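>>> Okay, sequence plus prediction incoming.
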Amino acid sequence: MSSFTTRADAALADPILKIAVERTAGTAQAKRAIAIDAFPDFEAARTRAAAIKDHVIAHLGPYLEQFEANAIAAGAQVHWAQTADEACRIVIAICKAANAKTVARSKSMLGEEIGLPHALEEAGIGRVETDLAEHIIQLADERPSHIIWPAMHKTSEQVSALFKAKHRTPHEEETIAAMAQSARRELRGAMLGADVGISGANFLIADSGAVCTVTNEGNAELSLVPPRVHIVTAGIEKIVPSMPHAIHMLRMLARSATGAALTQYTTFYTGPKRPGDRDGPEEMHIVLVDNGRTKMREEGLAEMLRCIRCGACMNHCVVFRQIGGHAYGGTYPGPMGAVLTPALDGLAPNRDLAHACTLNGMCQQVCPVKIPLPTLLKGWREKSWREGLEPTSMRAGLSLWAWVATRPALYRLGTAIAIRAIRLLGRNGWIARLPLAGGWTRYRDLPKPAAQTFMNQYKQEQRK
Amino acid sequence: MTGQAGTRQVALFVTCLVDIMRPRIGFAAIRALEAAGCYVVVPQGQTCCGQPALNSGDRDHAVALAKQTIEALLPYEAIIVPSGSCAGTIRCHYPELFENDPAWLPRAQAIAAKTFEVMAYLDEVCGWKPDGVTLPATATYHDSCSGLRELGIKAQPRRLLDAIDGLSLTPLAAAETCCGFGGTFCVKYPAISNAIVGEKAAAIDATGADLLLAGDLGCLMNMAGKLHRDGSKVRAFHAIELIAGMGDGPAIGEEA
């Protein structure tokens, strides 16, 4: 796999990507700010949301068992998966038992995390992505670049060209509405004809066994109600105690994600079709997936399990805004992805993610559940240092500097000599090229240091 | 170690960057603190607060430098720092660093409680404003992230700058967005850092201001260095230089 730096460089060299990311993230940032300003005491609501999540994360076992009992009582079947592979095997087995030729999938990041699209393909089961952005991704044979706008790396102009190349009866008028109609013509029949509908879950409600999904397109409902079987794959951290808790989290989620008060479609699914119901699936299966979550809880990443996947951290991240989501290389991009990916895919191949952050704290400031993302990233940096994953040059440089800096007299002498040497490279107050600091001077000038350090000047003035 | 009766005796923690790159920020801090009635000392045992090690994951060296800094500064009534990020390291991160060290935790907490960013100290603790300082210029202000988010520094520098005769402040678009410095980030990921600071420099230029002000030399060097490379005429100062009446001297990158 390519390195983070290579992917980031490629992203920085792509002017269309920058336009696409700015359009969506910029709009989201502006709309979120308006929604938060209008929210009475958003700070208190964040504190409450964090407390709800901390409570369930600390008591995952009892709440999940309560959820299981209530879901079964409502007629659903509940499955437990320790790993991504196990979760996929369970889903494939259910599809095969239902003789499924095609499944309609409503966007789920957990599905991406466990590799479900690939697993369905390998099992020879047709997959129709019904979320508009996931549909675009499927047509382009790409991966999502954002957790709520999987196709945010594409401009509408690029999507138009893609639809014209791939849709059976594409749009003729160059408007967003006409493009949406084109996607609708393509997807509507596929949704209604699918044998199985697969979704994720935004929330699992413990005291009723209900599963909540949110969409703005209504594709979840159209993908999950007509087919004979509905399969939910959900991370175990999605649990909340009751409906009022889910409603509180929903208020935080929609505002933080898009700036809307609520999603267009917010649906609670409690069991399959009941006697007397006019429609609904005959079977409902809920696959509860751990995939490293209990380990995260035990190994200092419990706060990360608060995440409700709103995307605010990446929308407000200066690094994400420059390089987009694909450069991160994992399922989840941006600050939350930089914390999650080393936990899911290993630290060694992902150590760059923890470092490619200015620690400016904006992500934590906008997080609706107050995840201390910079602190967690620094935790990965520390682990990386401890495990010897940091480059030798960095280790040697920092160690030498610290050795000198813990000897103040030597430090005074060293800094006095260093600035004299550096000053020789300056012209008119600026240094345009500095050996060993090419990262700085490739793009910016370095002001020439003063002729004497503060400490030396101060000592001389004291003697006067 | 006692000052005159009725005066606040404070220790200046210069910070390694100011010590090496721009000493006049340290002298400006002393001048403003003295004007506000403080007696300023500069403890000799200080070097760097350890932030580069801390942010690189090198905990052992961060602890060693924190201990040295605590020992050098602990005897004083207050510790004043001309940098939001170094002050934030001492205030917010030293206690975390010694969380599981019962011998050092009380000392780390004690020093955290009495460490202040210089402009916040002048404004909030001393209740002081520059008096008789004149500088006819327009300036724009960038809020450095650590000062803003760890220490709540936003209104304090603006209140102090407002008291300078002739100086008018022009708002900077996205003033609370990171400039892309990020300590070692800017040299580890230079291309990403450049893209971020490029946007910041364009926003600064778009204000039409003569001067760029901020409270952290690292961010200022990053922004000023980019502005200079891009051929901009905007001149950059640490805000404390103007507040201390030293805004008529050389800007960052100008020969004295």
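Yep, that arrived.
>>> Please list all residues in contact with the nearest residue to A:Gly280 once chain neighbours are set aside.
Nearest residue to A:Gly280 in three dimensions, chain neighbours excluded: A:Lys273, at 3.3 Å (CB to CB, 6 or more residues apart in numbering or on different chains). Just so you know, the C-beta spots here come from the backbone N, C-alpha and C atoms, and that holds for glycine as well. Shown in contact with A:Lys273 (CB atoms under 8 Å, 6 or more residues apart in numbering or on different chains): A:Asp279, A:Gly280, A:Pro281, A:Glu282.
>>> Quick check: A:Lys273 vs A:Gly75, distance?
Noted for A:Lys273: a distance of 8 Å to A:Gly75, by CB to CB, to the nearest Å.
>>> tell me the helices in the stretch 51-200 of chain B, going along the chain?
Assigned by DSSP state H, counting those that start in this stretch, the stretch 51-200 of chain B shows helices spanning B:51-56, B:59-73, B:84-88, B:94-97, B:105-113, B:118-120, B:145-151, B:155-162, B:185-188, B:190-206.
>>> Can you report phi and psi for A:Pro391?
phi -60, psi 150 (degrees, to the nearest 10).
>>> pLDDT for the contacts of A:Lys273 - can I get that in CSV?
Below are the contacts of A:Lys273 laid out as CSV (pLDDT from 0 to 100):
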residue, pLDDT
A:Asp279, 91
A:Gly280, 95
A:Pro281, 97
A:Glu282, 97
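>>> Turn those into a markdown table, columns for secondary structure, neighbour count and distance to B:Ala29.
Compiled in a markdown table, the contacts of A:Lys273 are given as follows (DSSP: H, G, I helix; E, B strand; the rest coil; neighbours: other CB atoms under 10 Å in any protein chain shown; distance: CB to CB, whole Å):
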| residue | secondary structure | neighbour count | distance to B:Ala29 |
| --- | --- | --- | --- |
| A:Asp279 | coil | 7 | 72 |
| A:Gly280 | coil | 17 | 70 |
| A:Pro281 | coil | 22 | 69 |
| A:Glu282 | coil | 12 | 74 |
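>>> quick check, nearest of these to chain B?
A:Pro281 (46.4 Å; CB to the nearest CB).
>>> Which residue, other than its chain neighbours, is closest to that closest one?
A:His230 (4.2 Å).
>>> Wait, a helix at that neighbour?
No. Secondary structure of A:His230 (DSSP: H, G, I helix; E, B strand; the rest coil): strand, not part of a helix.
>>> wait, it sits on A:Gly197?
Yes. If you go by CB atoms under 8 Å, A:His230 and A:Gly197 touch, sitting 5.0 Å apart.
>>> which neighbours do the two share?
Each of A:Leu224, A:Pro281 lies in contact with both A:His230 and A:Gly197 under the rule CB under 8 Å, 6+ apart.
>>> okay, the helices of the stretch 51-200 of chain B in TSV with mean neighbour count, distance to A:Leu377 and mean pLDDT next?
Shown next, in TSV, are the helices of the stretch 51-200 of chain B (neighbours: other CB atoms under 10 Å in any protein chain shown; distance: least, CB to CB, whole Å; pLDDT from 0 to 100):
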stretch	mean neighbour count	distance to A:Leu377	mean pLDDT
helix B:51-56	24	10	97
helix B:59-73	20	15	98
helix B:84-88	28	16	98
helix B:94-97	20	14	98
helix B:105-113	17	22	98
helix B:118-120	27	26	98
helix B:145-151	24	14	98
helix B:155-162	19	28	98
helix B:185-188	21	11	95
helix B:190-206	22	15	98
